[in-house]
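Novice: mind looking at a prediction? Sequence and model below.
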Amino acid sequence: MSRLQEVTQRIWASNVDAGRIGSLELNAWLAQLTGIPLVGFRPESRIERLGVLARSTFILPCLFCYVCLEIYDLVLNWADVDVMTQNVLMTLTHVGYWVKVMNTYYHYGEIKGIVSQLSYLTRTCVLSGRQRSTFHDVEVENKLVCLMYFCLVVFSSSTAMVMLLTVPDEMAGQRFPFRVQMPGYLPPLVQQLYMGLSVIWISCGTPPIDNMNVLLMNQICLHLKVLNMAFDALERDTRGQRLQVDPHSWLQSIIQYHCSLIKLRQRMERVYRLPMMFQFVSSLVVVAMTVFQMLVGDGSNSSMLVYFMLSGVLCQIFLYCWFGNEVFEQSKTLSASAFRCDWLQFDVRFRRCLVTFMVNADRPFLFTAGGFMGLTLTSFTNILSKSYSVVAVLRQMYGRTQ
């Protein structure tokens, strides 16, 4: 693990004392590479910012037009179940991309405020050697998640681009993932490049937008772990030596720390709950239609790409549910950690404050999708089971058209 930490520290190094969260800086850089101008989340020169904004000004309108053309093709082919499902797979995914991008910029100031608050808590609350070690372990996990998810999508979309250029007559505008109605006045080569590059850019832009939410959730989880460790300072050692901190002021700082995390969770919930609701509903449909295409596929190149699509969508949903579940489970341990301290050795005032903290800590941190579904592993299994039901309906509809 130490070797892995050393390697990942070379990729946007994290620094506890400076409050630098390297995983968020890495994610912002990946977003800028794909044309999403997430500026202000890492050290940048003025020229770098202008370059990012100029690149985004060109890329984002082109991608928006491409999604509109996909929707137009969906309207034209709504009656054909096979073609419709091929189109919906990418159209829903790409519309979800734009929903999350617009939500990010609508709440841009709030997200920057959340990151700033997390940086402040890192500087002021991650103190002991054990807490610092936990911080770096979490940063290794965050960076690996960012890079692995991004590389998975890059590989899938690049493979699709190669197939498009290899067999353009079979793929371009005809098969998944290039079901789109292109303007007839464009030369064929321009159409193919526009299709391929648009799919690559939107696909590669999705992980940084998703990871922003995922990384913030995991930062909350990190601080819940640090908060649990803060009670270690209220335990005497086996020789009964005096505490190194004043118990009253230390408990007061723990309560303030907990209140800060509660407010952060509430702010994140307000920012991401509606996009998460769209994400979960669309993911249910996309998973169902992906499995349907796998069942009725004709063995062409497009059928192979469907497997990549399914792996990407499942990875996307699983990351949300896994890290949301981690926060939920970690928050439930706060009361037990508080009870384990040597509260019998302290006065009545301390015990009353401790009881108040434990009562508040019994309310777990639960991120939701629009307030209807918690981001937990149970929700992940529910999506898979509901998708199976949708697949059964689609197969019946497809059988009647044959």
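Specialist: All right, it came through fine. Keep in mind the model is a prediction, meaning the values are calculated, not measured. Numbers count the residues shown, from 1 in each chain.
Novice: residues contacting Ala18?
Specialist: For Ala18, the contacting residues are Arg123, by CB atoms under 8 Å, 6 or more residues apart in numbering. (Glycine included, C-beta is placed from N, CA and C.)
Novice: quick one, phi/psi of it?
Specialist: phi -90, psi -10 (degrees, to the nearest 10).
Novice: show me where this protein has its strands.
Specialist: Counting by DSSP state E, the chain has strands at residues 368-369, 373-374.
Novice: if you average the pLDDT over the last one, what comes out?
Specialist: Rounded to a whole number, the mean pLDDT of strand 373-374 is 88.
Novice: can you list the strands that that strand pairs with?
Specialist: The pairing partners recorded for strand 373-374 under DSSP bridges are strand 368-369 (antiparallel).
Novice: which residues outside the partner strand are in contact with it?
Specialist: So strand 368-369 is contacted by 269, 273, 276-277, 279-280, 374-375, 379 (CB under 8 Å, 6+ apart).
Novice: who wins for neighbours among the residues you listed?
Specialist: Leu375 (29 neighbours; other CB atoms under 10 Å).
Novice: for that one, which non-adjacent residue is closest in space?
Specialist: Using CB to CB, 6 or more residues apart in numbering and skipping residues adjacent in sequence, the residue nearest Leu375 is Gly324, 2.6 Å away.
Novice: so who does that neighbour touch?
Specialist: 217, 366-367, 374-376.
Novice: wouldn't Val115 be in contact with Asn27 here?
Specialist: No - taking contacts as CB atoms under 8 Å, Val115 lies outside contact range of Asn27: 10.6 Å.
Novice: more neighbours: which of the two?
Specialist: Neighbour count, other CB under 10 Å: between Val115 and Asn27, Asn27 has more, with 30 against 21.
Novice: so Val285 sits right up against Met84, yeah?
Specialist: No - judged on CB under 8 Å, Val285 makes no contact with Met84 at a distance of 11.6 Å.
Novice: looking at those two, which is more packed in?
Specialist: For Val285 versus Met84, neighbours defined as other CB under 10 Å are more numerous around Met84 (19 against 16).
Novice: ok so, going back, okay, and the common contacts of Val115 and Asn27?
Specialist: Phe41.
Novice: out of the strands of the chain, flag the one nearest Val393.
Specialist: Ranking the strands of the chain by proximity to Val393 (CB to CB) places strand 373-374 first, at 21.0 Å.
Novice: which residues touch the closest one?
Specialist: With CB under 8 Å, 6+ apart as the criterion, strand 373-374 contacts 277, 280, 324, 328, 366-368, 379, 382.
Novice: quick one: that strand to chain centroid distance?
Specialist: 15 Å (CA atoms, centre = their mean, to the nearest Å).
Novice: over to stretch 361-372?
Specialist: Mean-position distance between stretch 361-372 and its chain equals 17 Å (CA atoms, centre = their mean).
Novice: just the helices in the protein please.
Specialist: Ranges of helices in the chain, per DSSP state H, are 2-9, 22-33, 46-76, 81-106, 108-125, 129-166, 168-171, 188-230, 247-296, 301-331, 334-340, 348-361, 377-401.
Novice: now these in a markdown table, with distance to Val39?
Specialist: Converted to a markdown table, the helices of the chain look like this (distance: least, CB to CB, whole Å):
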| stretch | distance to Val39 |
| --- | --- |
| helix 2-9 | 24 |
| helix 22-33 | 8 |
| helix 46-76 | 5 |
| helix 81-106 | 11 |
| helix 108-125 | 10 |
| helix 129-166 | 18 |
| helix 168-171 | 36 |
| helix 188-230 | 13 |
| helix 247-296 | 18 |
| helix 301-331 | 24 |
| helix 334-340 | 36 |
| helix 348-361 | 37 |
| helix 377-401 | 33 |
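Novice: just send those helices back as a markdown table, with mean pLDDT too.
Specialist: Formatted as a markdown table, the helices of the chain follow (pLDDT from 0 to 100):
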| stretch | mean pLDDT |
| --- | --- |
| helix 2-9 | 68 |
| helix 22-33 | 92 |
| helix 46-76 | 90 |
| helix 81-106 | 87 |
| helix 108-125 | 94 |
| helix 129-166 | 90 |
| helix 168-171 | 79 |
| helix 188-230 | 92 |
| helix 247-296 | 88 |
| helix 301-331 | 87 |
| helix 334-340 | 90 |
| helix 348-361 | 90 |
| helix 377-401 | 78 |
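Novice: and of those, who's closest to Gln181?
Specialist: That would be, of those and by CB to CB, helix 46-76, which comes in at 3.9 Å.
Novice: on contacts alone, who are the packing partners of that closest one?
Specialist: helix 81-106, helix 188-230 (3 or more CB pairs under 8 Å, 6 or more residues apart in numbering; DSSP states H and E).
Novice: which one of those helices has the most crowded surroundings?
Specialist: helix 188-230 (a mean of 22; mean count of other CB atoms under 10 Å).
Novice: specify the angle between that helix and helix 129-166 in degrees.
Specialist: Going by axes from the mean of the first three to the mean of the last three CA atoms, to 10 degrees, helix 188-230 is angled at 170 degrees with respect to helix 129-166.
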